[in-house]
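Engineer: below are the sequence and a predicted model; questions follow.
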Amino acid sequence: MSRFWSDHIHELVPYVPGEQPKQQLLKLNTNEHAYGPSPRVFAAIAAKNNDDLRLYPPYEASALLSAIAKKHNVATDQVFLGNGSDEVLAHVFNTLFLREGRPLLLPDITYSFYKTYCAFFKVPAEVIPLAEDFTIRVEDYTREREVAPAAIIFANPNAPTGIALALDDIAHIAQANPDSAVVVDEAYVDFGADSAVALIAQHPNIVVIHTLSKSYALAGLRVGYAVASAEIVAGLQRVKDSFNSYPLDTLAQAGAVAAIEDQAYFDEKRFAIMQSRDKLTKDLQQLGFEVLPSKTNFVFARHADHEAQQLHQGLRDRHILVRHFQQPRIEQFLRITVGTPEQCAKLIAALREILNA
Ligand code: PMP
């Protein structure tokens, strides 16, 4: 507390990310990529010279904008860059969600940062419960309201459930709310779901958020972006340019371009992770877990006879870190990042030991 702070800062609770352990633990708690980035990323960063660091970063970021635009088959003025998708989301809140008296709709169980940002930006949130089976109930977002929402936000696939919503459903939500931004956070989309970028031409209120932290294995480089109509991107630029006109640092720009251009590596590794996920799901089911159907690089699972808190601690005692949320409705679940086949086998062996103890 400080008498110098703005009023609303007193109510804020800082976001606490999943633990980053100092000791050697098997880290399956923050959904990082099991393998690591393409070797071309390291080569691109190593190739930088004295001037590349002495001078300010490329202001236009044209190589990266072009690589992203090409990947998604959109124009470069439909792409907005940020230092991780968390920063992109902050600019999205600032640019699109502060519309006098109009709420933001979001699911009760989704990426926790959205609620943190609501408090930060003083956005009135209307929190809508997921259905019993943890899916998003489309009709909750399409029914007529007295006041049109400023926006709707959800992750697709959702986190931490891992469940994906079909593109038809997203189109339906966008169509029913033509005066609201519909923000789809696709942090995990590359692990088996379809991207809503394909809907933007028909539905210019859709904003898709991507990150290179998950499927490109670049969480440490901090690269995220939004794809939207040029009109929405122009609004985001107004906010961004007021704080930091350089879109990303020089090394991040170079590394990100190299990662996106190495399509073969990207595909090989994400398919390997998807395969591991499906095996991990079966192995967990055999141990008596219910596993929600995941289209991500993590699984969300609960055991009928064992408390998640105890399983979480039992794994920790065996030097394995997974995520447990103390949140109503999901306190019996563990969120487990999909590791390599060897890491998954280690996890399953540890769980078997705990369950049989
Ligand atoms: N969205 C979702 C759904 C996430 O799970 C995460 C990572 N925790 C992010 C966005 C932020 O990712 P980053 O800032 O690393 O791009």
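Structural biologist: Received the coordinates, thanks.

Engineer: now do the same for the nearest residue to Leu218 once chain neighbours are set aside: its pLDDT.
Structural biologist: Nearest residue to Leu218, sequence neighbours excluded (CB to CB, 6 or more residues apart in numbering): Leu212, at 4.2 Å. C-beta coordinates here come from the backbone N, C-alpha and C atoms, glycine included. Note for Leu212: predicted pLDDT of 98.

Engineer: my guess is Leu212 contacts Gln253, does it?
Structural biologist: No - the pair Leu212 / Gln253 is not scored as a contact, 11.3 Å apart, by CB atoms under 8 Å.

Engineer: list the contacts for the residue nearest to Leu218?
Structural biologist: Applying CB atoms under 8 Å, 6 or more residues apart in numbering to Leu212 gives the contacts Leu218, Leu221, Val223, Gly224, Ala256, Ala259, Ile260.

Engineer: ditto for Ile128
Structural biologist: Under the criterion of CB under 8 Å, 6+ apart, the neighbours of Ile128 are Leu105, Leu106, Pro107, Asp108, Arg137, Asp140, Tyr141.

Engineer: element containing the last one, please.
Structural biologist: It refers to Tyr141. Assessed by DSSP states H and E, Tyr141 sits inside helix 139-142.

Engineer: helices of the stretch 1-150 of the chain, start to end?
Structural biologist: Using DSSP state H, counting those that start in this stretch, the helices of the stretch 1-150 of the chain run over 39-46, 50-54, 62-72, 85-96, 113-121, 139-142.

Engineer: got the residues of the protein near the ligand?
Structural biologist: When proximity is defined as CB under 6 Å from any ligand atom, the chain approaches the ligand at Gly84, Ser85, Asp86, Tyr111, Ala155, Ala159, Asp185, Ala187, Thr211, Ser213, Ala219, Gly224.

Engineer: find the nearest non-adjacent residue to Tyr216, please.
Structural biologist: Using CB to CB, 6+ apart, the nearest residue to Tyr216 is Ala259, at 4.5 Å.

Engineer: mind telling me what element that neighbour is part of?
Structural biologist: Element membership of Ala259 [criterion: DSSP H and E] is helix 250-261.

Engineer: what is the mean pLDDT for that helix?
Structural biologist: Mean pLDDT, helix 250-261: 98.

Engineer: for the helix holding Tyr141, buried residues please.
Structural biologist: The neighbour-count check on helix 139-142 (16 or more other CB atoms under 10 Å) flags Tyr141, Thr142 as buried.

Engineer: likewise stretch 121-133?
Structural biologist: Neighbour-count burial for stretch 121-133 flags Val123, Ala125, Ile128, Leu130 (criterion: 16+ other CB under 10 Å).

Engineer: what of stretch 63-81?
Structural biologist: Within stretch 63-81, the residues scored as buried using 16+ other CB under 10 Å are 63-65, 67-69, 71-72, 74, 76, 78-81.

Engineer: got it, and stretch 236-252?
Structural biologist: Leu236, Gln237, Val239, Lys240, Tyr246, Pro247, Leu248, Asp249, Thr250, Leu251, Ala252.

Engineer: the fourth one is in contact with His91, isn't it?
Structural biologist: Yes - taking CB under 8 Å as the contact criterion, Lys240 and His91 are neighbours in contact, 5.5 Å apart.

Engineer: quickly list what's touching both of the two.
Structural biologist: What both Lys240 and His91 touch, as defined by CB under 8 Å, 6+ apart, is the set Phe80, Gly82.

Engineer: wait, doesn't Pro129 sit right on Pro107?
Structural biologist: Yes - between Pro129 and Pro107 there is a contact at 7.4 Å, judged by CB under 8 Å.
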